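Student: this one's structure only:
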């Protein structure tokens, strides 16, 4: 398509071909466009793309998918918030290959759109204790691309043992594997970068735009992919941290974890006092008098176990008393009605 556009510039146009048509914006309707480039050599199936991305994007309203050729796809949304949601959720892949996105206007030719960046969550590992701050991590990882200040969260460093920064990475260049650092005391070190949701990558040159077998550098030198010679590898991948699984927690001290309560006006009532008060209003106290010795012994044992056990024991004793009283009434009625 690009070659054809270049050829048209050299054509000698006829009078009818020179007659321009003015496209009105109102003819295009209220639509929001998102262009995509699928970095794979395989033929793309537009129906499979629609089914897969419906599950991944979970938009409020539907969207249209158009195959524009040359592994370029146009997504048309009727709701702008759906388009913003998709862009916020980058990075996206299809069949483990990178899908680069770019918002476009209606007047743009999609074949002329340049897809040269995508957003990653980059984990910054092996920072020294003194350097473990989000401000320092942003400055270090700026070597890998443009830091997204809006999406990088301040609370992340409190949850993980690494720094986590969102960066717009230039996909036309090899991925940045890390960065040398030096401290004020002159001590030197190396900080590792790891990429969340990393798609297929060329282990020969470190680019996301093609696989190993399609790499020109690899075809010239097959030794680049030997394990001992690889400059890039699976160690660049990082799993997305679980939001509820923390590797860093804050433990409060005894003077911090609760607010002191003034108990001067609260009477000190022991478990024994509570039991004695319960006996005064217990209507079945006389019926179980013959078991008083055993009951007092149980009370002493329960008292040593705490108030929770007292409550459960008292409830069980009340139920037993009610059952015993009911049985006695039934026996008395049977004896009165018995014909001896």
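Tutor: Yes, it's here. Not measured: the values here are computed from a predicted model. Numbering: from 1, shown residues only.
Student: And stretch 180-189, end to end?
Tutor: Across its full length, stretch 180-189 reaches 6 Å between end residues, using Cα to Cα, to the nearest Å.
Student: Could I get the average pLDDT for that stretch?
Tutor: Mean per-residue pLDDT for stretch 180-189: 86.
Student: Spatially nearest residue to residue 67 (excluding sequence neighbours)?
Tutor: residue 46 (4.6 Å; Cβ to Cβ, 6 or more residues apart in numbering). Using the backbone N, CA and C atoms, a C-beta is placed for each residue, glycine as well.
Student: what separates the one you found from residue 65, distance-wise?
Tutor: 6 Å (Cβ to Cβ, to the nearest Å).
Student: For those two, indicate the residue with more neighbours.
Tutor: Per other Cβ atoms under 10 Å, whichever of residue 46 and residue 65 has more neighbours is residue 65, with 16 against 11.
Student: Now do the contacts for that one.
Tutor: Contact analysis of residue 65 by Cβ atoms under 8 Å, 6 or more residues apart in numbering lists 46, 49, 50, 53, 73, 74, 75, 76.
Student: Which strands border the helix or strand where it lies, and is each parallel or antiparallel?
Tutor: For residue 65, the host element (DSSP states H and E) is strand 63-69. Applying DSSP bridges, strand 63-69 is found paired with strand 72-77 (antiparallel).
Student: got the angle between whichever helix or strand comes after the strand it pairs with and strand 63-69?
Tutor: Remark: after strand 72-77, the chain's next helix or strand is helix 80-88, criterion DSSP H and E. With axes from the mean of the first three to the mean of the last three Cα atoms, to 10 degrees applied, the angle from helix 80-88 to strand 63-69 works out at 60 degrees.
Student: ok, residue 41 to residue 173 distance?
Tutor: Residue 41 is 21 Å from residue 173, by Cβ to Cβ.
Student: Kindly apply the preceding question to residue 42 instead.
Tutor: From residue 42 over to residue 173 (counting by Cβ to Cβ), the distance is 24 Å.
Student: And those two? Which one has more around it.
Tutor: Shown here are residue 42 and residue 173; by other Cβ under 10 Å, residue 173 has more neighbours (14 against 10).
Student: mind checking pLDDT for that one?
Tutor: 93.
Student: Also residue 161?
Tutor: At residue 161, the pLDDT value in this model is 78.
Student: Show me how the record splits this structure into domains.
Tutor: Per automatic domain parsing, the structural domains of the chain span 27-112, 117-238.
Student: Residue 250 is nearest to which of those domains?
Tutor: domain 117-238 (7.6 Å; Cβ to Cβ).
Student: hmm, back to that, mutual contacts of residue 46 and residue 65, please.
Tutor: With contacts defined as Cβ under 8 Å, 6+ apart, the residues shared by residue 46 and residue 65 are residue 73.
Student: in what helix or strand does residue 55 lie?
Tutor: Under the criterion of DSSP H and E, residue 55 resides in helix 46-57.
Student: so what does that helix touch, helix or strand wise?
Tutor: Taking 3 or more Cβ pairs under 8 Å, 6 or more residues apart in numbering; DSSP states H and E as contact, the helices and strands that helix 46-57 lies on are strand 63-69, helix 80-88, strand 92-94.
Student: Columns distance to residue 231 and mean pLDDT on top of those, output as a markdown table?
Tutor: Shown next, in a markdown table, are the helices and strands packed on helix 46-57 (distance: least, Cβ to Cβ, whole Å; pLDDT from 0 to 100):
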| stretch | distance to residue 231 | mean pLDDT |
| --- | --- | --- |
| strand 63-69 | 34 | 95 |
| helix 80-88 | 31 | 95 |
| strand 92-94 | 22 | 94 |
